[in-house]
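S.K.: any chance you can model this:
(one chain, ligands or ions: 2)
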Amino acid sequence: MTCAFNASLKSEQKCVALVSHDVQSNGFNYQLRDMKDIERDIDRELRKMLKESRIKDEDLFETVEEVFDKATVLALLVLKQRGCISKLSGVVSAGKEARVYLAKSKNDEDVAVKIYFTATAEFKKGIWKYIKGDPRYEWILSLPTHKLMSVWARKEFSNLKRMYEATISVPKPICVYRNILVMEFIGENGVRAPLLKEMADAGLLSSEFSQQIFKEIVNSIYKMYWYAGLVHGDLSEYNVMVNNGKIYIIDVSQAVKLEHPNSHMFLYRDISNIVKFFREELRLKTPSVDKIYYSILNKNESQLQAVIEEYEE
Ligand SMILES: Nc1ncnc2c1ncn2[C@@H]1O[C@H](COP(=O)(O)OP(=O)(O)O)[C@@H](O)[C@H]1O
Ligand SMILES: [Mg+2]
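M.R.: Ligands and ions are numbered 1, 2, ... in the order given. From the prediction side, this is the model:
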């Protein structure tokens, strides 16, 4: 179906609502192809309106003083139309390739919006080792930048989903569209939770609490491997958040499947980073990297618990 703007349709919102209604009234019978057609139609119309500056969604961008490129504005509007977000309300983190924003869902709950902007040469070089050898994604390196970032956002969403469904403590994935990922906000009242590194720097980790967190992280690595079939690949004190005594593992775009030729090397490195941090910065006695690594590969959860508990005071 197409969304024609005739006299009876005064606003673009109505048009999109009409399209969504049409999709819903078809029940479960609509085809994926139809969805794609509809998406393309919405896109085309929004793009046209954007060009004509007919969309001035002050509400969506009220408190964010930022100039987004047109494609990102468009994608944010589509996410709004889909009911994933209602308002962007501030920057949480500004990285080189991606920025994370605080936003409100349509039910006024806090959500985190991660927008991938640019693929620097450094980024492309950095992701090569995660992509090479993964038949699911090897082809993406030849994509133009904007497409690469969309695939990367989708990859993070699908990794998050796999992990979340495998009961690993990660932010719940909510929506993904183009270069934008919407997920559960980890924090309270719009303030993000601290990273594990920040907790340590602020002296907020008692030895008991450190021990508990260490155990949770090692168990998450195990579950990631055996329940989700993934290895994080960039695990460190900078990619673990601590909220109300509970850990959350974040930043999972680069996670690889077990079949990846380097998955064991990444697994070993993830464990090494974590062990090094707990030993050197928190002075915690921990099992050796090798002991943890082989207990995980042995697929024996009780052996792994015994290995960790051996060191508890
Ligand atoms: N779901 C989330 N809720 C709250 N804050 C988040 C969330 N995800 C990421 N952040 C914040 O944004 C920062 C950057 O996110 P991250 O996914 O690690 O991207 P990158 O390190 O690639 O820039 C994190 O260090 C954290 O402070
Ligand atoms: Mg990070």
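
S.K.: drop to CA atoms for contacts and neighbour counts, all remaining ones
M.R.: OK.

S.K.: for the host helix or strand of residue 264, name the packing helices and strands.
M.R.: Taking DSSP states H and E as the criterion, residue 264 maps to helix 263-280. Secondary-structure packing of helix 263-280 (3 or more Cα pairs under 8 Å, 6 or more residues apart in numbering; DSSP states H and E): helix 207-226, strand 230-231, helix 289-297.

S.K.: please enumerate the helices of the stretch 101-250 of the chain.
M.R.: 121-131, 145-165, 196-201, 207-226 (DSSP state H, counting those that start in this stretch).

S.K.: the helix holding residue 264: how far from the chain's middle?
M.R.: Centroid separation for helix 263-280 versus its chain: 21 Å, with Cα atoms, centre = their mean, to the nearest Å.

S.K.: low pLDDT regions in the stretch 1-150 of the chain?
M.R.: Residue ranges of the stretch 1-150 of the chain with pLDDT under 70: 1-36, 38-39, 42-43, 45-58, 62-66.

S.K.: can you name the residues of it sitting close to ligand 1?
M.R.: Proximity of the stretch 1-150 of the chain to ligand 1, by Cα under 6 Å from any ligand atom, involves residues 92, 93, 95, 98, 100, 112.

S.K.: tell me the buried residues in the helix holding residue 264?
M.R.: 263-264, 266-272, 274-278 (16 or more other Cα atoms under 10 Å).

S.K.: mind giving me JSON lines with the residues you listed and columns for pLDDT and distance to residue 163?
M.R.: JSON lines is the format used below for these (pLDDT from 0 to 100; distance: Cα to Cα, whole Å):
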{"residue": "263", "pLDDT": "96", "distance to residue 163": "16"}
{"residue": "264", "pLDDT": "97", "distance to residue 163": "18"}
{"residue": "266", "pLDDT": "98", "distance to residue 163": "17"}
{"residue": "267", "pLDDT": "98", "distance to residue 163": "16"}
{"residue": "268", "pLDDT": "98", "distance to residue 163": "19"}
{"residue": "269", "pLDDT": "98", "distance to residue 163": "19"}
{"residue": "270", "pLDDT": "98", "distance to residue 163": "16"}
{"residue": "271", "pLDDT": "98", "distance to residue 163": "18"}
{"residue": "272", "pLDDT": "98", "distance to residue 163": "21"}
{"residue": "274", "pLDDT": "98", "distance to residue 163": "19"}
{"residue": "275", "pLDDT": "98", "distance to residue 163": "22"}
{"residue": "276", "pLDDT": "98", "distance to residue 163": "24"}
{"residue": "277", "pLDDT": "98", "distance to residue 163": "23"}
{"residue": "278", "pLDDT": "98", "distance to residue 163": "24"}
